[in-house]
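> here is a sequence together with a model predicted from it:
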Amino acid sequence: MSKQGQLIKIISRKIKTYDLGGIEFTKTKLLSWLCLRNKATLMQLKQTLFDHTNLVHIEKQEKIHKDKQELRYCLYFVYSNRKGRCSIITFTTKKIKIITVFPLGRKTLRKYNRKFK
């Protein structure tokens with residue numbers, strides 16, 4: 001199994017330890033805009049994290065947030081050749097924080113396909 005496949009298994013197991021109530025959005029003032037941008041409800045955005053059938057690639061990112069080192073994960077979900085979604089999440093002790101979610105279009109997916117391989 002490839003390194004990427006192992007990372008997908010590890011993250012999917014880690015996500016399954018939480019429940020839907022254990023997911024929180026960091027951009028609380030922009031939730032309606034986030035839903036409009038992704039053409040999905042908040043519940044659908046939360047449920048995509050638990051459904052790993054379309055999860056293709058995970059990227060680790062180390063960022064400094066409020067003077068602390070934070071480990072973030074970019075989860076790339078690809079639904080077809082034209083549609084996809086990227087969720088950037090981080091894990092805390094009690095919750096999964098969704099930092100942002102943005103859609104991926106046809107041209108972006110074509111660029112990322114090179115990156116995924």
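It's in.
> any low-confidence regions in the protein?
Where the chain drops to pLDDT under 70, the residues are 1, 117.
> could you rerun that using 80?
For the chain, the stretches with pLDDT under 80 are 1-2, 65, 115-117.
> ok but Pro103 is inside a helix, no?
No: according to DSSP: H, G, I helix; E, B strand; the rest coil, Pro103 belongs to no helix; its state is strand.
> which SS state does Ala40 fall under?
Recorded secondary structure, Ala40: coil (three-state DSSP).
> element containing the residue nearest to it when sequence neighbours are not counted?
Among residues not flanking Ala40 along the chain, Thr48 sits closest, at 7.9 Å (C-beta to C-beta, 6 or more residues apart in numbering). Heads up, the C-betas are built off the backbone N, CA and C, glycines and all. Using DSSP states H and E, Thr48 sits within helix 42-50.
> same for whichever helix or strand comes after that helix, what does it pack against?
Note on helix 42-50: by DSSP H and E, the next helix or strand toward the C-terminus is strand 55-65. Under the contact criterion of 3 or more C-beta pairs under 8 Å, 6 or more residues apart in numbering; DSSP states H and E, strand 55-65 touches helix 3-16, strand 68-78, helix 106-116.
> can you give the contact residues for the last one?
Contacts to helix 106-116, defined as C-beta atoms under 8 Å, 6 or more residues apart in numbering, come from residues Val56, His57, Tyr76, Val78, Asn81, Arg82, Lys83, Gly84, Leu104.
> angle of that helix against strand 68-78?
110 degrees (axes from the mean of the first three to the mean of the last three C-alpha atoms, to 10 degrees).
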